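Asks: Next comes the sequence, and after it the predicted model I'd like to discuss.
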Amino acid sequence: MPEGSTLNVIIEKYGGDREALVEILRDVSQANGYVTPEDLATIAQRLGLPQSHVYSVASFYSLISLKPLGKHVIRFCQDAPCHVAGGREVWEVLEQTLGIPFGATTPDGTWTLLPTSCIGACSVGPVMMVDDEIYGNLTPDRVREILAQVGGGL
Ligand code: FES
């Protein structure tokens with residue numbers, strides 16, 4: 001990325017502080033859709049951190065993507081409270097309806113399906129985030145409705 005780029009603006013926003021590594025990676029991912037290998041190298045160099053460390057932090061957090069995502073990103077909670085509330089069935093419906101496994105993007109680039117850990121809405125599990133919106137009390141029918149609503153029809 002050239003000087004004055006989004007990446008540089010974000011790094012400057014945090015004063016180049018290595019303690020802000022997660023925030024920098026998250027902001028770059030949100031701004032550009034994902035973090036490229038070049039971004040990882042620049043961040044490592046600017047923060048004075050090993051590239052392997054920056055990569056392992058980036059790959060740990062589900063809100064940081066290392067590959068291009070679809071137009072809409074579904075993050076489905078895979079933790080135990082959601083799982084026992086019927087999450088397994090909803091998980092299968094998501095994969096079947098979209099025709100892709102978790103971790104993948106539909107060939108037309110509309111949907112990316114990702115697992116996530118608890119998003120703090122366990123009392124209304126099973127839960128998923130679609131882009132920035134949280135949806136709870138999911139059932140297979142409700143999931144089909146949401147996908148049709150957000151995606152403008154499947
Ligand atoms: S376990 Fe799913 S939101 Fe907390």
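Replies: Yep, that arrived.
Asks: how many neighbours does residue 145 have?
Replies: 12 (other Cβ atoms under 10 Å). Yep, even glycine has a C-beta here, placed from its N, CA and C like the rest.
Asks: Hmm, I typed the wrong one, I wanted residue 125.
Replies: For residue 125, the neighbour count with other Cβ under 10 Å is 23.
Asks: Look up how far residue 18 lies from the residue lying closest to it once chain neighbours are set aside.
Replies: Using Cβ to Cβ, 6 or more residues apart in numbering and skipping residues adjacent in sequence, the residue nearest residue 125 is residue 82, 3.6 Å away. Residue 82 sits 34 Å away from residue 18, taking Cβ to Cβ, to the nearest Å as the criterion.
Asks: Who has more neighbours out of these two?
Replies: More crowded of residue 82 and residue 18, by other Cβ under 10 Å: residue 82, with 27 against 15.
Asks: which SSE is that one in?
Replies: Per DSSP states H and E: residue 82 is located in helix 80-82.
Asks: Please name every helix or strand in contact with that helix.
Replies: On a contact count with 3 or more Cβ pairs under 8 Å, 6 or more residues apart in numbering; DSSP states H and E, helix 80-82 meets no helix or strand.
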